[in-house]
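Asks: Take this sequence and fold it.
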Amino acid sequence: MTGSGTGRVGPASATGRSGPAGAAAGSDVRATRGVTEAGPLAMAATTEERPEHHAGGRLLGLTWAHLLNDGAANYLPGVLPAVLASVHLPLRMAGVLVAALIVGQALQPLVGWVADRVGGRSLVVAGLVLSTAGGGLLAVAHSTTVLVLLLLLIGIGSAFFHPQALAGVRSLVRDRQGLRTSAFLVGGELGRGIWPTAASLVAANLGLGSLWILAVPGAVTAVFLARWAPALPRRPRQGRAIRWREHARPLAVLVGYRGVRALTTYGVVTFVPVMWHVRGGSLVAGASIITTMIVVGVVGNLWGGHLADRIGRRPVLVVSAVATSALIFPVVYLRGAAVWVAAALLGMALFLTASTTVLIGQDIFPENRSMGSGIALGLANGIGALLVLVVGLWVHAGDVVTVFWVLAALGLGSALLALAFPRSLVR
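Replies: This is a model prediction of the structure:
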């Protein structure tokens, strides 16, 4: 999912020790005062935090929960052809179903605002529970109405999970924030990558009715998440007001850039399995292309975070946009094993900016980092999902390829948006 601000309070600042690297002493005093004013619950949540040497383990735990949450929330493309057939829907409805799944994530900015007000860890736990339950219940969805309602429930659960989880990750890390935020985001990418193929294997061998099996790990993990997820301090209502006028321009650029990137990602993930199915490929093989793209995309995520820490954010944003547009075509037009090689390269290009855009969102809103995370991920993803719906309505069995030309053109345009970010956000 850099910059200064009092939107986070680490364990050290609550006990009077030095705060996170890069935060001034005055910021620590103000942050601690904010916790005190917020009341005893916030103070308890802050002082409850474990010693610093446990931070790595807690980050690993959050990463695992992220894998399960995003796996449950994103396995649909792997079984989409079978789901469409089971409820007797045409191919053009593929975009509608994926939009229903993702559009709930547009609630993330609102959830981020609530997360900063209530503190604690309850929204992280509730998000994992809702995503897991919705993903498991897809196994019994035998009508379009029930299916869409469950997809909306999954999206809402994912919206609950991410802002507070990302703010918790930032409270655990002191330095190399780009790389360590990338490490957390890797969990989500692995979930989005592994679960489509896992779901396709379950559906192909046991039937769609057995998809509940995928919900078991999330249900077990939610119990433990309630104990070891970071408990964040509650921000006082009289805290710093959000400076909307000041943030309007960089916010518009971020939402535009991330919205196009989300459209490209969800468009590829949605329509590659459909294209593969139309060409006579198997359900599992089509899902495995998506798995290859997203799992290998982990390399791009980590590398992108490292590069952003070393050379700045703008070059990473531009290179990612251009490379993504160029690599879409090999995935569409190549045949044989070369398709999976091209998918791996596309995945690295797609996810090169994952942590960078989250950190930019947090830096735009230093007074409310959970909201910044929510905008960078949720609102932009929701916009991308709606655009997938629009693009999907043009699809029919004989014209799936045209979608990829549209995605490539829009992706190339996002490189221009990367040049519009203020220098202070992409240093």
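
Asks: ok, longest helix in the protein?
Replies: The longest helix of the chain (DSSP state H) is helix 244-278.

Asks: for it, which positions count as buried?
Replies: Neighbour-count burial for helix 244-278 flags 247, 250-251, 253-278 (criterion: 16 or more other CB atoms under 10 Å). (Each C-beta comes from the backbone N, C-alpha and C, glycine too.)

Asks: Check stretch 402-410 too.
Replies: The neighbour-count check on stretch 402-410 (16+ other CB under 10 Å) flags 403-404, 407-408, 410 as buried.

Asks: can you check stretch 95-111 too?
Replies: By 16+ other CB under 10 Å, the buried positions in stretch 95-111 come out as 95-109, 111.

Asks: Next step: the residues you listed restricted to strands.
Replies: Residues from those lying in strands, with DSSP state E as the criterion: none.

Asks: Would you tell me which one of those comes nearest to Ala141?
Replies: When the buried residues of stretch 95-111 are compared for distance to Ala141 (CB to CB), Leu97 wins out at 10.6 Å.

Asks: Retrieve the pLDDT associated with the closest one.
Replies: Listed pLDDT for Leu97 reads 89.

Asks: now swap in Val169 and tell me
Replies: Val169 is given a pLDDT of 82.

Asks: Could you double-check that it lies in contact with Val186?
Replies: No - under the criterion of CB atoms under 8 Å, Val169 makes no contact with Val186, lying 11.6 Å away.

Asks: what residue ranges in the protein are flagged as low confidence?
Replies: For the chain, residues meeting the criterion pLDDT under 70 lie at 1-56, 173-179, 235-242, 367-374, 376-377, 396-398.

Asks: returning to what we had before: could you give the separation of the longest helix of the chain from the chain centroid?
Replies: Offset of helix 244-278 from its chain centre (CA atoms, centre = their mean, to the nearest Å): 12 Å.

Asks: for stretch 293-313, same thing?
Replies: 15 Å.

Asks: Show me what counts as buried in it.
Replies: For stretch 293-313, by 16+ other CB under 10 Å, it's 293-309, 313.

Asks: With stretch 110-130 instead?
Replies: Applying 16+ other CB under 10 Å to stretch 110-130 flags 111-116, 118-121, 123-130 as buried.

Asks: Surely Gly280 is within a helix?
Replies: No - judged by DSSP: H, G, I helix; E, B strand; the rest coil, Gly280 forms no part of a helix; its state is coil.

Asks: What distance do you get for it to Trp394?
Replies: According to CB to CB, to the nearest Å, Gly280 stands 22 Å off from Trp394.

Asks: same question, Leu263
Replies: For Leu263, the distance to Trp394 - CB to CB - is 14 Å.

Asks: Likewise for Val341?
Replies: Val341 is 29 Å from Trp394, by CB to CB.

Asks: same question, Ala183
Replies: Distance from Ala183 to Trp394, by CB to CB: 38 Å.

Asks: again with Phe224
Replies: Distance, Phe224 to Trp394, using CB to CB: 45 Å.

Asks: ditto for Gln164
Replies: In terms of CB to CB, Gln164 sits 37 Å off from Trp394.

Asks: Looking at the two, which one has more neighbours?
Replies: Using other CB atoms under 10 Å, the more surrounded residue of Gln164 and Trp394 is Gln164, with 30 against 13.

Asks: Just the ones of the buried residues of stretch 110-130 in helices?
Replies: Secondary structure from DSSP H places 111-116, 118, 123-130 of the buried residues of stretch 110-130 in helices.

Asks: Would you mind confirming that Ala219 is in contact with Thr132?
Replies: Yes - under the criterion of CB under 8 Å, Ala219 makes contact with Thr132 at 5.6 Å.

Asks: and those two? which has more neighbours close in?
Replies: Counted by other CB under 10 Å, Ala219 and Thr132 do not tie: Thr132 has more neighbours, with 26 against 15.

Asks: For the residue nearest to Ser143 when sequence neighbours are not counted, give me its contacts.
Replies: Nearest residue to Ser143 in three dimensions, chain neighbours excluded: Val87, at 6.5 Å (CB to CB, 6 or more residues apart in numbering). Contact partners of Val87, counting by CB atoms under 8 Å, 6 or more residues apart in numbering, are 141-144, 147.

Asks: what's near enough to touch Ala385?
Replies: Counting by CB under 8 Å, 6+ apart, Ala385 has contacts 98-99, 101-103, 105-106, 262, 266.

Asks: typo on my end, Tyr266
Replies: Listed by CB under 8 Å, 6+ apart, the contact partners of Tyr266 are 98, 102, 381, 384-385, 388.

Asks: Closest one of those residues to Trp228?
Replies: For the contacts of Tyr266, the nearest to Trp228 is Asn381 (27.0 Å; CB to CB).

Asks: What strand or helix carries the closest one?
Replies: Asn381 belongs to helix 380-392 when assigned by DSSP states H and E.

Asks: Just the buried positions in that helix, please.
Replies: Within helix 380-392, the residues that count as buried by 16+ other CB under 10 Å are 380-389, 391-392.

Asks: Now Leu232, what are its backbone angles?
Replies: When read as degrees, to the nearest 10, the backbone of Leu232 gives phi -80, psi 150.

Asks: Kindly report the same for Gly312.
Replies: Per degrees, to the nearest 10, the backbone of Gly312 is at phi 100, psi 160.

Asks: any idea how far Ile311 is from the closest residue to it other than its chain neighbours?
Replies: Excluding the flanking residues, the one nearest Gly312 by CB to CB, 6+ apart is Arg427, at 5.7 Å. According to CB to CB, Arg427 and Ile311 sit 10 Å apart.

Asks: what do you get for Leu152?
Replies: 40 Å.

Asks: what sits against Val169?
Replies: 1, 59, 62, 180-181, 184 are the contacts of Val169 under CB under 8 Å, 6+ apart.

Asks: now these: which count as buried?
Replies: By 16+ other CB under 10 Å, the contacts of Val169 give 1, 59, 62, 180-181, 184 as buried.

Asks: just the residues you listed now: which is nearest Ile328?
Replies: Ranked by distance to Ile328 (CB to CB), the buried ones among the contacts of Val169 are led by Met1 at 24.6 Å.
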